[in-house]
Structure formats: structure tokens, C-alpha cells
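J.: okay, sequence plus prediction incoming.
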Amino acid sequence: MEGTTSGVQINSTYGAPGSDPSIRIRGIGTVNGSSTPLYVVDGVPFGGNISDINPADIESISVLKDAASAALYGNRASNGVILISTRKGTSNKISFDLKINQGVYSRGIKEYKRTSPNQFMEASWQNLKNARMSAGDDAATAAQYATANLISEQLYLNIYNKPDDQLFDANGNLVSDAQILPGYADDLDWYSDAIRNGYRQEYSFSGNTANEKSNYYFSIGYLDEKGYVTNSDFNRISARTSMSFTPKKWFKAGINLSGTHQNSHATNGDSDAGYTNAFMYCRQIAPIYPVHLHNADGSYRLDALNNKQYDPGYYKDDEGVTISTRNQYVDRHVIWENELSTDKTIRNTLQGIAFADVKFLNDFTFTVKGDLNVRNSEQTSYDNATIGDGKGNNGRTKRVTYRYKNYTFQQQLNWNHVYGKHYIDVLAAHENYSNNYDYEYAFKTTETFAGKPNLSNFTDITSLTGYETDYRTESYLGRIRYNYAEKYNLEVSFRRDGSSRFSKQNRWGNFGSIGANWIISEEDFMQSVTWINSLKFRANYGQVGNDAGTEYYGYMGLYAGSQNANIGAYYLSQNEALDLKWETGEAYGIALEGRLFNRWNISLEYFDKRNKDLLFDVYLPLSAGATSTTSAQATIAKNLGTISNKGFEINTDIDIYRDKKWKVNFATNATFVKNKIVKLPEQNKDGIISGNYKIVEGKSRYEFFLPTYVGVDQLTGNSLYTLNLEDYFITLPDGSKLGNAEGTDISDNESLTSINGTYYTNNTTYALKEFHGSALPKVYGSFTGTVSYKSLTFSALFTYSLGGQTYDGVYRSLMTTGTSPGNFHSDIMNTWKAAPEGMSENSADRIWVDGIPQINSTMSANNNSASSRWLVSSDYLVVKNLTLSYRLPASFVKRLDLQGISVSANCENLWTFTARQGMNPQQSFGGSQYNYLVTPRVFSVGINIKL
């Protein structure tokens, strides 16, 4: 959701006050499907993006994660439900609200520690010297070669005041009088031009009124954000109106309409290797390469109009000779490209909800509710012909159009009655849901006029395609709720869901739930226990269907369309799977919650959630027909496998101090969760390798399975890994075999090293892969402190996570060397350079456990291979939100003929504390790090005027 949730009340059963319910989950509910929760807006499943809703229109947010509550919302509720209620008319007189919010923001997490230009030069010299030694040179010859050839062979650019071959001493250190030429010194910080201080402004005006017969609410809002990455922005115009009428006691009807118009200019911030990704480019480019072109003396090389010119990696001198200026990212320039190219998306949304309630026979209510959500999104991207991706095509443009239409139609019959101390509520309901998606894609090259992204400006059609999908569900629901004496509550529900994703014989699934609670504090024996204000015990069990693990036409045998020599061509893309059926989410929980001493709220819950009949692709004989165009394999989807999440959740808040003027409150929550794969398909009993993870029974979904890194061999400077003796063996001098005698003999492999009787390898091909912990945290949560004095309130929200691990691929890339330059992490300056004095083959400390292997482009692939070396704790603590608010005195406001004025100052993501600077463990639930945009730090001030 863009913007803050200032003014939004968070009513979360499972989160402490102030916690963010959108990120609070209970583990992984599927292996192949989505873990996204269901958003329900005003009682209807919401099909749009959360950014389609103006936060000022939200009255409350509630989070449902227990089985009995979620079961009511059917097949899309298996990952939890987030209920959003929008504002309605409540005032008995016409009331208006004006909210103005202004803010600035920047990147909220510091950059990785990288080498300075001087450090980079010395590390690059060491890299080339060691590579020459690997090629056979002695140390002295290799050092001389590195000094003489580093610039000409690898870097291409010398920004120092010394000749190319006079920059280093014999040990590879820059000579003491080597200085960066003045012209270059101020032009090496790519981030300074690629990111900026962003600015956001938000305005919202709303009005409402209500009486016995009707209520009305309307709002209009405008949000404009200039992103902290240059040339990125987002703006949204939104409007909403809500009205309901009760002309008769037995009849009530209403309608809720909302719409938005959104414009955004995006940068490539979610593609790890994209050259227009500011974080990838600015992070990885060597720190000796300037943003602009320079002459040999360091001065700027100006164009005919005396303007600076961006550096594409080369230029032509006055004689027409091409001069190379860098050996990295030639013809790519993140700042230049993002200035000339565009990626714009226009999004329009319209949602309408209408309902009617008819009461009859005193205790019956019949409700009809309909929801229609229409969304249109048009993305236009343009790659210029001067620099970057579009240069080779003389410019190119892409137009992608998405059209969505979904509706929900509900009919509900409710009966409730009171018999003395008995209360019963019965609900019977029917629901239809339909989703239509239309996609069109056009790609053209060779522009006529520069900077014009219109399709008509391009002459060559590269691709023109489109398709349409339909998805429908139908559901029948029954629920009975019973209460006795306001102490005992029982709820039972049954739901029958049908999905178009499955064949007719398996289309329907039956799911039920039961929940109960006991208000212990209402018992007679508790009346004398005055320090317990309320105490409740609750328990629940339920099942929820999930069909998102397969595609819209998952059961069908499908052929994909293409063309060959301009003639239609079709190939098998999916085998028929008539046996596919619903995944089932099965969960139960028990909880105890209460209020003590009239100031302390506390709840403790145990939950166990198990998803079974998970959908997997199972391999078939190739004779069944290949279903892939990239590999010789045939697959079919099957319901196989079970995944489990269980743990505890603790929530508490306490008024530490309060009187007529002061109130000090502290709130915290913690979730302890354990994820485990319970069952896998028979053909996958040995586990499924998925990137850096192995999905195997008894382990979590994100269990790291990597070669085990041991340390650095202090005699050679190379990485050592545990040798895989399960698949290989070594013939020892006495003729015996070490390892699996039926495996492969690697006795003569050059990667082997014997240290004090134990064999290791420098090549991960022969290394033993082992489990190294899970990416999933053992506990996560938040804590909030709030201090109020009269009308002044200060609150601070902190979020945390403990116990998980992250595979830091960004750090790995910054620690890996090659023959082409790239920036390094500053840790590389602590690399192994030579064997310590007195070190021998049998030294007890020969293995440097925390060591960094030698910088050597020849050995880098092995020394820096994927392994447990790159795992780091994903523990974090974030100062998530600081808010100071003040409500002006009523006497002063009344003199202005207003109802109320409040002002606030807010800071989001002020500090993030992690195991490594620059790393963002919040980025990926699966424990991976990429060159993605980081969380923004936002400072904002606002005023709310109630007329």
C-alpha cells in the first residue's frame, strides 16, 4: 500500500497494537503456489492491488488466521485473510475532513562496504599477479607483469597522476605520491546521480453524514510521489462514495463505488542483473570509472555546446581513433539510459459493491451482495537508440495491455433467535466468482523519431501476441453459531467449493470448521478474583481448499501456439491431468487470552496448520510427449505431498503508568513457527533440489543445501570444502579405499588436499552438500512503546526477526574476481596474500576457518563457488515507525469554527540493524539477496482538519 497508515485503526486478533498485519504470516502453506493472503474489502474478496485503495478511506484492518474464521472465506483463504472495512457515514450532521501530508524519503538501508579507488587498484593488482602465478610465473615476474599491464590489459583507464606502469611498488601498493586527477575525483560516485531525495505529497478530502434512514460518505484523494531513484514516480487520483438507505425497518440497501487513475514511471529495480537497475549498476561498477567523459588530464570532455557528456565506455579523439575508457558495461550507462528511456504504466480501476437486506418473519434476513471490479493497465516501455538495449535495434518500444474483470455475487439467508439464555444464528449462503484476464503484447524496433514511444514511430514488428483466460468458482456455505449465557460459544461451518481449474469429476471440494470459546471470567467462581478482568479460552479446527497451486486450465491437455515460416504451429505444453483436485489446508489452534489488573492484555496461542494434497509436476516417460521446449522431459501435475507449520504466538500490551494526564503503554508480539515438509511424491523421496535449497521430508521448505565451506588453506590461499566421500573414493597409499568404493575414483584429482589425515577439495564439484539451516526465522514479531500526555502522543514501533539465515549473493558477487573489472566488498582487502611464517603442511592451524581466499581470477570460480560460506544470519531489528501527534485544544479549535485539528510528524524505517551492512533480510522470504531497491526512509508531516 502506498503511503502510511496514519489514521488507520489496526484491529488484529493476532498482532499487538501497531503491528503490520500484512506481513504477519504463519509459515509456508504450499510448495509451488502463492503464499499471498486474501484481502476482503467490505465483506467481498478483493481482486485488485492494495495500492488501488486510498489509505484515508480505510476505517479498520483485521487479520484472520485461525481455521474457523478463515473457512468462511473459502478457497482463497488458505494463506490467511486480511479484512478491510472502508469508511461509512457516521456523523449525525454533515462533517468534512481535510488531510494534508508532505514527506521526503531516501534509501533506508546503507550500502555494502565497498572498496575505495585506491583499495580497488591494489586488489586488482593482486588479482592479476596471482593469476600470473597460477599460469607459472614466479612471484617477482608476476608482480612486474601486474604493474606493467594492469591498466592496458584489464582496466583501460588510469585516473591517477602517474604513468600506467609506475602506479605500484614491488608489493602491489600504490606509490605514496599517486593521486587521483582532480577532474575525476568528483565524478566517481554513480549513486549521487542515480538516486536522490524523494518527495511525496498527499491530499484527501472527505465528507459524511448519517441519520436513521440513510448514511453517506465520499472522498477524493491525490497522491504524488517522486521516487528516490531518479526518474521514478507514482501518482494516483482516487475517489470513493458510499451510501446506504433504510426506507423501511425491514429493508436496507446500499452501494459503494470507488475508482482510481494511476500513473507510474518505473526503473528496473526488481531485476537482479538489469543494467538499468541503479543498485546493480552503481554497486558493481569499478570505483575508478567516472560518470562522464574525461580527457587524459582528467578534465571533462565537453560537447560542441560545452556540456558534459556521459561516458559509454569509449570516445573518438580528434583523429577519429576510438579510445576505450572502461572495460566494464561498455555501451551501458544506468543514468543516461534512465534519462533517455522510459517505462510508464497507466492503470485505471473501478470497483462497485451493492447490497440489499430484506428482513422478514422477525428473525430472518436475506442479503444479496454483488461486487464488480474492472481494471485496465497499459505499460509502455521505450529503449532509446543511443545507449543500452535499444541501440542495436535503432530503438525499440513495447506495449503491454492487461485487462481484468472479476465479479462476486453472494446470496445469504440468515436466521437468528434468542431463547432465554440461548442465542442461535444460522447462515446459508451461495457465492459465484468470475475472473477474466485479457493480455496483449506488441514489440517493435527501428524508430523514426528519437524519444517517441508510440508504436507508429517504429517500423519493424518483432512480436505481436495476446491471449485471454477465464477462471470461475462456485460455493455453497452453511454456518451455525450458538451462545449460551454469554459464556459458551460454538461455531460450526461447512463449505462446498467448485473450481474451473479442475475436471468435472474432481471440481468440487468439501471443507468444514468448528470453533468454540469459553468466557471463563463470566463464571461464578471467578467473580471473587478481582485482578482478572476477562479470561477466555478458545479452540478451533478447520479445513480450507486451495486451488492456486495449478494453472487456470490445470487439468487440460494443452497445446501452445506459435508460428513457423508464418504458418501456425502448435506443440504440446501440458499433459491432461483429470485426477487433479483441491489442495487442503487443515489447521487447529487453542488459545488463552485475557485482561489482568485492568491494564494488562495478554494472549497465548498454539497453532498447527497442515496443507496436504500439494500439487507437483511428476515426470512421465518421454514417450508420453515432451511438455518443455528447453529440455527433453514430460511431466503431469499430481496431488502429492504435505507441508506443515506449527508454533506459538504471544501477544501482550500493558499500561505501565496512567493517570488523568499521562499514559505509558508497551506492547509486543512474537511468533514462533516451525515449517516442515511432511510428505513428498514417491519419485522425490530423496528430495527436490531447488536452487540453494533441498526440499526433503522432515526439513523446512527453505532448507539450505550447499557444499560445506571449511576455510582457507593457509599454504595455498585457496578455499577448502568438505570432500564428498558418499559419491567418490580415494585410493590411499596402502591400497585401501577412503569413501564409497562403488563410487568414482578421484585419487588423482588436482583439487584434493590432505591436511593432518583429512582430505578436502578446492572444487565444489567434488564437495559434500549438506544442510545448513533454514531461511525461515525461528521467531519474528514487533514491539511498540507509546507515551501520551494530554493531547500529545509519541509512539515507536520496532520489528524483528531471529533465527533464520540468508544466502548473500550480493556479497558473493562483490567478493568474486575475474579478468573484467568490477567493484569489491571492502572485506576483500583482508584476503590471504602469503603463507604465514612457520606454516607447514602439518600445522594444526593450517586451515583458516574465517579466512578469505586469495584474489585470483584463475582460481576465483572455485574459491568463490556457491557454498555455505555465503550464509549469514538474517536476524534484524528495524526502527519501523516513529510518530509524534498533537491534537489542538478544543477551546482553540472552536474559536476557528472547526470540529478538530491534529498535526503529526512521522518517520518510517529510520534504522535497520543486520549482521552485514547493506544486506536487507526483509527483501526475500526465501532468504536470498538480490540487487533490488531497498526500503525507503520516510520523513513526513501532516495535518488533519475536521470541519
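T.: Happy to help now that I have it.

J.: mind listing the residues bridging to N263?
T.: Note on N263: beta-bridge partners by DSSP bridges are N235, I346.

J.: residue contacts, it?
T.: Contacts for N263 were tallied using Cβ atoms under 8 Å, 6 or more residues apart in numbering; they are D233, F234, N235, R236, K344, T345, I346, R347. In short, each C-beta sits where N, CA and C put it, glycine included.

J.: okay, those residues in CSV with neighbour count next?
T.: Shown next, in CSV, are the contacts of N263 (neighbours: other Cβ atoms under 10 Å):
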residue, neighbour count
D233, 19
F234, 18
N235, 17
R236, 22
K344, 15
T345, 17
I346, 13
R347, 20
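
J.: ok, these vs G735, which is closest?
T.: Ranked by distance to G735 (Cβ to Cβ), the contacts of N263 are led by T345 at 69.6 Å.

J.: got the contact list for the closest one?
T.: Contacts for T345 (Cβ under 8 Å, 6+ apart) come out as Q262, N263, S264, A266, S377, E378, Q379, T380.

J.: let's go with 6 Å and repeat that
T.: S264, Q379 (Cβ atoms under 6 Å, 6 or more residues apart in numbering).

J.: need the residues that contact the host helix or strand of A587.
T.: For A587, the host element (DSSP states H and E) is strand 583-596. Contacts to strand 583-596, defined as Cβ under 6 Å, 6+ apart, come from residues 66-67, 78, 532-541, 543-544, 546, 549, 601, 603-614.

J.: out of those residues, which are buried?
T.: Buried residues within the contacts of strand 583-596, counting neighbours by 16 or more other Cβ atoms under 10 Å: 66-67, 78, 535-536, 538-541, 543-544, 546, 549, 601, 603, 605, 607-614.

J.: just the strands in the stretch 151-300 of the chain please.
T.: Using DSSP state E, counting those that start in this stretch, the strands found in the stretch 151-300 of the chain span residues 198-210, 214-226, 233-248, 251-265.

J.: dump those strands to JSON lines, plus distance to T716 and mean pLDDT.
T.: As requested, the strands of the stretch 151-300 of the chain are exported to JSON lines (distance: least, Cβ to Cβ, whole Å; pLDDT from 0 to 100):
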{"stretch": "strand 198-210", "distance to T716": "49", "mean pLDDT": "95"}
{"stretch": "strand 214-226", "distance to T716": "52", "mean pLDDT": "95"}
{"stretch": "strand 233-248", "distance to T716": "53", "mean pLDDT": "95"}
{"stretch": "strand 251-265", "distance to T716": "51", "mean pLDDT": "95"}
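
J.: hmm, back to that, as CSV, the contacts of N263 with distance to V934 would be great.
T.: Below are these laid out as CSV (distance: Cβ to Cβ, whole Å):
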residue, distance to V934
D233, 18
F234, 17
N235, 22
R236, 23
K344, 23
T345, 22
I346, 27
R347, 24
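
J.: strands of the stretch 651-800 of the chain, start to end?
T.: Per DSSP E, counting those that start in this stretch, the stretch 651-800 of the chain carries strands over the ranges 662-679, 688-690, 693-695, 703-707, 709-713, 719-722, 728-731, 737-739, 744-745, 752-755, 758-761, 769-774, 779-789, 792-802.

J.: out of those, which gets the lowest mean score?
T.: Ranked by mean pLDDT, the strands of the stretch 651-800 of the chain end with strand 688-690 at the bottom, a mean of 85.

J.: run me through the strand neighbours of that strand, direction for each.
T.: strand 693-695 (antiparallel).

J.: which residues does the partner strand contact?
T.: Strand 693-695 is contacted by residues I677, G687, I688, Y702, E703, F705 when judged by Cβ under 6 Å, 6+ apart.

J.: how about the last one, what does it touch?
T.: Counting by Cβ under 6 Å, 6+ apart, F705 touches Y693, K694, K769, F771.

J.: if you set the cut-off to 8 Å instead, what comes out?
T.: In this structure, F705 makes contact with G687, I689, N692, Y693, K694, K769, E770, F771, H772, judged by Cβ under 8 Å, 6+ apart.

J.: try the second one
T.: With contacts defined as Cβ under 8 Å, 6+ apart, G687 is in contact with L680, K694, I695, V696, E697, F705.

J.: ok, the fifth one next?
T.: Contacts of E703 were listed using Cβ under 8 Å, 6+ apart, and they are Y693, K694, I695, V696, F771, G773, S774, A775.
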